[in-house]
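Asker: Next come a sequence and a model predicted from it.
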Amino acid sequence: MVILSDIFSWMKYSYNIGFVFFIIGVGLGSIFLDANQMKSKGLTRESLVSKWIGISYIVISIFLYILVEFII
Amino acid sequence: MVFREWRIGGEQGFDAALIFVEGMVDKTVINEEILRPLMFEVEETKVDKATSNEEFYHFILKSALSVADIKEVEEYDTSVFHLMAGMVVFLIDGFSKAILIEAKGWEHRGITEPETETIIRGPRDGFSETLRVNTALIRRRIRDPNLKIETIQIGRRTKTDIALLYMADIAEPKILDDVKGRLNDIDTDSILESGYLEQFIEDTWLSPFPQVQATERPDEVAAGLLEGRVGILTDNTPFALLVPATLNSLMQSSEDYYQRWLIGSFTRLIRFFANFLALVLPSLYIALTSFHPEMIPTRLALSIAASREGVPFPAFMEAFIMEGAIELLREAGVRLPSPIGQTVGIVGGLIIGEAAVSANIVGSIMVITVALTAISSFAVPTYDVAIAFRLLRFFLMIMATFLGLYGIILGLMIILSHMATLKSFGVSYLSPWSPFAPSDLKDSLIRSPIMAMRKRPSFMSTKDPDRMDVNRRDPEEKRNGEADK
Amino acid sequence: MRALLRDNDRITPFELAVLMVIVTLEMGVTTFPRTMTEKVGTESWLIPLPGFLFSLLAVYFLVRLSKLFPGKTFVEYSQEILGSIIGKLFVIIVIAFWVSTSARILRQFADVMKVNLLFRTPIEVIIFSMLLFAAYPARYGIEPMARLAIIVAFVTIPVGLFLFAFVIPQAKFDNLLPVFAQGPLLLLKAGFLSVGSLEGIELLLVLLPFITQPRKSLKASTWALAVLWSIIFIVNGVVLAVFGEKEVMYLLRPGLTIIQTIELPTLFVERLSSVYVATWVALIFPSISMFLFLASTSLAKLFGLKEQKILIYPLTPVIFALAILPSNVLEVENIANFLEQIGVFIIGIMPLFLFLIAKIRKKGGSY
Amino acid sequence: MKRCSYSSSLHMKVKRRLTLLLVIFLFCIGASGCWDRVEIDERAFVLGVAIDLVPPSESHIEPIPGQVPIRDNIYDMTVEIPIVSQMAGAEGGSSEKEPNWVISSTGADITEISRTIMHRANRFLFYGHQKVLVIGEELAKEGIKPIIDFFDREPETNKRVKLIIAERDAKETLKITPKLSSAASLYIFEILEHEHRSSRLIDSNIGRALVSLRESGNALLARVRASEEEVVVGGSAIIKDWKLVGWLGEIETRAAMFVMGEVRGGIITIQDPRAEGGKISLEISSVKRIITPYVEGDDVTFNIEVLIEGDITENTGPNLTVSRETVEIAQERIGVLVKEDIKSIISKVQQEFKADFFLFSHLLAARRPHDWKRLESRWNEIFLKVKLNIDVRVRVRRFGVVR
């Protein structure tokens, strides 16, 4: 629990909207750039992984932001 | 289009017609060498004597025309194509073949000095717009049967003649195949200039760097061919292409080899330095004045501060205004007729610079920076490279505006990374520095003595790697040795 | 005839050596004089001797391992040697080490930038811009990075050493004394531990199968180590000789501060330390992209992905988060010390260990 | 070799998106501003800093209610800022105005005063071009540690800033108007840069002083005294345990520098014994100093060898040509003179100041580590009894264009 509270306190300091945008940017890049590129190379699995990384990054970053700003 | 119909061989002869495109043919050839023999020398007796029509036709083909190049064509399309290319089509009634007579001749610009790559020592001839003239210019320089010239037509509508030049026993076949493959892949309706080709065959489309070397100089092309590169000549343009191109090759001028090696090396070092200055000088000004004045020597820092006293704009605005103005002047200078262009350049530069300083829009140090940058960018021999670095200069200026010196270095690193990823027909763009080829460094930042460059560039993986006998003694040494005896 | 370098995943032994040097010369090198002096006092300038021997040993076992499993990276062979689960654990530890090391380097770098060039720019911006740009060449695979590293090495290392040459007149060689006052054991121990901060050796875990002439890789990496340790030797020795033991231990980054003491009549550039710091930007850049490449390649191999490209940008937020995690320089130093110990484990102990187990369990090729 | 024809459009698309990302990135940065961008004309270049101690009765610092004052000492910091518009010369600046602004403020710590001055000057105080740091006598007697800490920690400040102790008030030194330099700080800086011309003053900068100060707390710093028109830089200040304990004259300073091996030039003049009023001057061209420690029990002996090479610049003896005899006399006499100087400075240091600022301790630790371990705790006593063998040898190399 100490570690968890440490992490939360750290996040309050440094998890800001800029970081969220950064992660969302990476996620979008994964979904739209990498996934398509992989697909055109014929690597379906990689394309899928890329897409999922992107989606989960976006979701998690927004979720964490809500968590940090409004809940804890 | 001219149709000239008459009856060949008198009353017993056949109806015949000459078709050609006005302006594309040499009228004297038609009058003297085609029409005169066909009309006056092919007499009725010839028709009588001929036992058959076939024989008559052969007689016409073999003996009647005093023109060097004659072809028989059966297809309509082909003959139309050749007609458009300046051949004369000769039709005889009753025969299913057309005779194509070479009588090409059109008004063209003579061989003049290249405008974009002027040098002091070296040949003054430059390519002109006619492909055949251009190939002849190369041929005159390399009298080797291994110099192959292949001609293909590209462009659905323009059907432009493209000549592929290479040394069959030097050029690496993989590169050659690559070039041919890429040329054959092109599907477009028009090739109006070699710039079209360049964009179709280069490796990376959106890179600011040219990956194909364009040149107006036949000696440059000949030297390239002898290094194992492939030359591409396009009809209707004086600009030949040389592939593969590396940054190093684009920074060289053919004059480097004509001068003694120390001078050649010195000018080359200056050129690289000038290119670097042209790239970073304005951004360094921004970074040093507004981020890190501690790096400027104290007295200079104080005088820069004094010169900027009263200038309302931040340093980056100053830099963008002045650089923008210079680019404007440059572009305008190119478009204006040449006598006026120079005047406008000088007058504009002087007046704008002077007025801007006295109006307190920019500091005087900025004017010096801009002038130095502009001058430096003219020292780059290849226009395409100079323009690429001009563009990147603005990128670096943006980086410097935000992150100072750190931004500049970061910008340079990203440019370098980009160049590291670039390849021109399989040859690394940064060769020979990277991949590191120590033997090729003789012809990079410096130009070593011609006797020391016994091998062709190794990154070209040429079939015949040696320029001269590798084990041969230096002539100088040899002469001294003889003198001692 | 030399092969055309058109395939995107091969590097020459020379390029491997250059990469090893470039990756190791990161921000940590500037603190070497301090950390080493803290360990062994004035003898710290001698550490390169045992350090070179120990790192050579590590390199030797890594090369032997790679010969046992030709064409395989450590991701595959450690799983073969240690079994799937322990092997995977080891791989994950190494990947985590790379990710956190690059975060550590970035953070140290950003701190240096903030102190020397950009006083008020948030470190987030410095780290972010560096990370974003350094990821670009990593996406194109190992070859462009080797290209980049060569140019960077040929530009920055001479500049750095040139600047160092100006410091030498101030050196007082009494500061290097006494030597061998505390017995060789301490020196040997320090030499062994210093192997942990040579990140370049870890490249061999992944890069050995990418070498065009595998036979030359041992020779090339030995050369890299020799160059590396001589650079460290020069830096350490000069710094210690100029500052003396106490001042070295007092300074945060003696390797940087020393440039500020250069006393030259004003050149074109007033403060050479800024130029020096600027060259560090160029040195850090390939290191970061290399670690990104290593981590993503290993991850891709671990999960059986055919393309490492897609993992590079997704790794950046993780590194970014880790880089801005420590609140101040002291914490960064603690983390750096901790990572150095992990590094000792990864390249000081594991190669030998893996090699022995492979021999005992008769895994790998018939070497 | 194989080129996919579809890859072109894809490639373009990818690149376009990357460019878009870059643009977005730049906008992100742009929107949040450029933090470090301060235009060069918005900065106030601090060329010199002088710090004095304010007598407690004169301090006007308002006490913070309910809080014990952190420090008793109130500092008076004076900075010299060039007025660049005056420097521009012809344009606008009237030559009657002062070219520099010397501005003072008081406060309890340096950072705070710096901010106060920043507010008063309405410019961004920039220490990147600081040349000198002058510390007043009273303050130096209290201890210079708290002052130096700010300048050591401050990243903008160069390690080459000259650290000088002023006799009496430090601020007076910055108020003079030098005839040839544009600012007093530059003037003092340049004098110290050319220290090797006479070796009568010590070129002490923060970086080098700190090495010595951290080692032992002792150092020799340059001394400066302000007069009406100019400043006199010469001699040195002795710092013991970060505190000023005394002064050395110019000749004493040179002797001390001989011991430290920092003499690089200067003139030594001796009487010619062969004639009344005859003098021989030697210009030092190079000096080598070798110190070797010997330890026997608690007896520590240092062998100091000084090898001087120089040119005779003046010879006003009986025979105007430089004879072999002249050279020999010069070599011997100068050797004796320097030896006496060194002897007296070391005994002065041992008896009067009881401070080891020649870092003999350091030498002992380096060369005789085992003995040093034994003696370390008692070094302060032992140092007072350290014996010295001084050997000065002089070699005349040239004597001008006449014999």
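Answerer: That came through fine. All values derive from a computational prediction rather than experimental measurement.
Asker: Now do the same for the residue of the stretch 151-300 of chain D found nearest chain B: helix, strand or coil?
Answerer: At 6.3 Å from chain B, D:Glu156 is the closest residue in the stretch 151-300 of chain D, using CB to the nearest CB. Bear in mind the C-beta positions are built from the backbone N, C-alpha and C, glycine included. For D:Glu156, the secondary-structure state derived from DSSP: H, G, I helix; E, B strand; the rest coil is coil.
Asker: Could you pull up the contacting residues of the nearest residue to B:Ser431 once chain neighbours are set aside?
Answerer: Distances taken as CB to CB, 6 or more residues apart in numbering or on different chains put B:Phe459 closest to B:Ser431, at 4.1 Å, once the chain neighbours are dropped. Listed by CB atoms under 8 Å, 6 or more residues apart in numbering or on different chains, the contact set of B:Phe459 reads B:246, B:427-428, B:431-432, B:435, B:437, B:440, C:2, C:5.
Asker: rewinding a little: need the contact list for the residue of the stretch 151-300 of chain D closest to chain B.
Answerer: Going by CB under 8 Å, 6+ apart, D:Glu156 touches B:294, C:119, D:126-128, D:130.
Asker: tally of neighbours for residue 29?
Answerer: You didn't pick a chain, so chain A it is. Using other CB atoms under 10 Å in any protein chain shown, A:Gly29 has 20 neighbouring residues.
Asker: that's the wrong chain, I wanted chain C
Answerer: By other CB under 10 Å, 21 other residues sit near C:Val29.
Asker: same question, D:Phe399
Answerer: Neighbours of D:Phe399 using other CB under 10 Å come to 20.
Asker: Quick check: pLDDT value at it.
Answerer: Looking at D:Phe399, its pLDDT reads 77.
Asker: Please go through chain B and pick out the longest helix.
Answerer: The longest helix of chain B (DSSP state H) is helix B:383-421.
Asker: and it, anywhere near chain C?
Answerer: Yes - for helix B:383-421, a contact with chain C is found by CB under 8 Å from any CB of the partner chain, at B:403-410, B:412-414, B:416-418, B:420-421.
Asker: can you give me how far that helix is from the chain middle?
Answerer: 25 Å (CA atoms, centre = their mean, to the nearest Å).
Asker: Could you do stretch C:227-245 as well?
Answerer: For stretch C:227-245, the separation from the chain centroid amounts to 17 Å (computed by CA atoms, centre = their mean).
Asker: Please see if it touches chain D.
Answerer: Yes - under the criterion of CB under 8 Å from any CB, stretch C:227-245 makes contact with chain D via C:242-244.
Asker: tell me which residues in that stretch are buried?
Answerer: By 16 or more other CB atoms under 10 Å in any protein chain shown, the buried positions in stretch C:227-245 come out as C:227-229, C:231-245.
Asker: Stretch D:304-321 too?
Answerer: Along stretch D:304-321, these residues count as buried under the neighbour rule (16+ other CB under 10 Å): D:304, D:306, D:308-310, D:312, D:315, D:317.
Asker: what ranges of the stretch 51-200 of chain D fall below the confidence cut-off?
Answerer: The model of the stretch 51-200 of chain D has pLDDT under 70 over residues D:56-72, D:87-97.
Asker: try 50
Answerer: Where the stretch 51-200 of chain D drops to pLDDT under 50, the residues are D:90-94.
Asker: Residue numbers of the stretch 51-200 of chain D in contact with chain C?
Answerer: Proximity of the stretch 51-200 of chain D to chain C (CB under 8 Å from any CB) is limited to residues D:128-129, D:155-156, D:158-160, D:193.
Asker: of all those residues, which comes closest to D:Glu142?
Answerer: The nearest member of those to D:Glu142, counting by CB to CB, is D:Lys159 at 24.0 Å.
Asker: correct me, but that closest one touches D:Ile206?
Answerer: Yes - taking contacts as CB atoms under 8 Å, D:Lys159 lies within contact range of D:Ile206: 5.6 Å.
Asker: so what's the residue of chain C found nearest chain A up against?
Answerer: Distances between chain C and chain A by CB to the nearest CB are smallest at C:Ile310, namely 4.3 Å. For C:Ile310, the contacting residues are A:30, A:34-35, A:38, A:46, A:49-50, A:53, by CB under 8 Å, 6+ apart.
Asker: so which of those are also by chain C?
Answerer: Contacts with chain C within the contacts of C:Ile310, as defined by CB under 8 Å from any CB: A:30, A:34-35, A:38, A:46, A:49-50, A:53.
Asker: Which of the residues of stretch C:227-245 next to chain D sits closest to D:Asn380?
Answerer: C:Gly244 (19.6 Å).
Asker: ok now do that closest one, which residues does it touch?
Answerer: C:172, C:175, D:211, D:215, D:362.
Asker: Only the buried subset of the ones next to chain C among the contacts of C:Ile310, as a ChimeraX command please.
Answerer: In ChimeraX syntax, the buried subset of those is picked out as below (16+ other CB under 10 Å):
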select /A:30,34,35,38,46,49,50,53
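Asker: Drop anything exposed from the residues of the stretch 51-200 of chain D next to chain C.
Answerer: Of those, these count as buried by 16+ other CB under 10 Å: D:128-129, D:155-156, D:158-160, D:193.
Asker: ok so, going back, let's see which of the buried residues of stretch C:227-245 end up in strands.
Answerer: Applying DSSP state E to these, no entry is found in strands.
Asker: what about D:Arg397, which SS state?
Answerer: strand.
Asker: next one: the one 3 residues further on
Answerer: Following three-state DSSP, D:Gly400 is assigned to coil.
Asker: Quick check: it touching D:Ile312?
Answerer: Yes - counting by CB under 8 Å, D:Ile312 is a contact partner of D:Gly400 at 6.9 Å.
Asker: re the thing from before, neighbour count, distance to chain A and secondary structure added to the contacts of C:Gly244, as a markdown table?
Answerer: Converted to a markdown table, the contacts of C:Gly244 look like this (neighbours: other CB atoms under 10 Å in any protein chain shown; distance: CB to the nearest CB, whole Å; DSSP: H, G, I helix; E, B strand; the rest coil):
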| residue | neighbour count | distance to chain A | secondary structure |
| --- | --- | --- | --- |
| C:Lys172 | 17 | 44 | coil |
| C:Asn175 | 24 | 41 | helix |
| D:Val211 | 23 | 38 | helix |
| D:Glu215 | 21 | 39 | helix |
| D:His362 | 22 | 44 | helix |
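Asker: Take those and write them to TSV, including pLDDT.
Answerer: Shown next, in TSV, are the contacts of C:Gly244 (pLDDT from 0 to 100):
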residue	pLDDT
C:Lys172	82
C:Asn175	81
D:Val211	82
D:Glu215	79
D:His362	80
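Asker: still on that earlier bit, report the two of the residues of the stretch 51-200 of chain D next to chain C separated the most.
Answerer: Longest span within these, CB to CB: D:Pro155 and D:Glu193, 23.1 Å.
Asker: Just the ones of the buried residues of stretch C:227-245 in helices?
Answerer: Among these, DSSP H puts C:227-229, C:231-245 in helices.
Asker: Quick check: the residue of chain A nearest chain B.
Answerer: Closest contact between chain A and chain B, by CB to the nearest CB, is at A:Leu33 (14.2 Å).
Asker: does residue 36 belong to a helix or a strand, and which?
Answerer: The chain I'm using is chain A. Applying DSSP states H and E as the criterion places A:Asn36 in helix A:35-41.
Asker: that's the wrong chain, I wanted chain C
Answerer: If you go by DSSP H and E, C:Met36 is part of helix C:28-40.
Asker: So which elements touch the helix or strand just after that helix?
Answerer: Moving toward the C-terminus from helix C:28-40, the next helix or strand (DSSP H and E) is helix C:48-68. Using 3 or more CB pairs under 8 Å, 6 or more residues apart in numbering or on different chains; DSSP states H and E, the elements in contact with helix C:48-68 are helix C:74-82, helix C:184-194, helix C:199-207, helix C:217-250, helix C:350-360.
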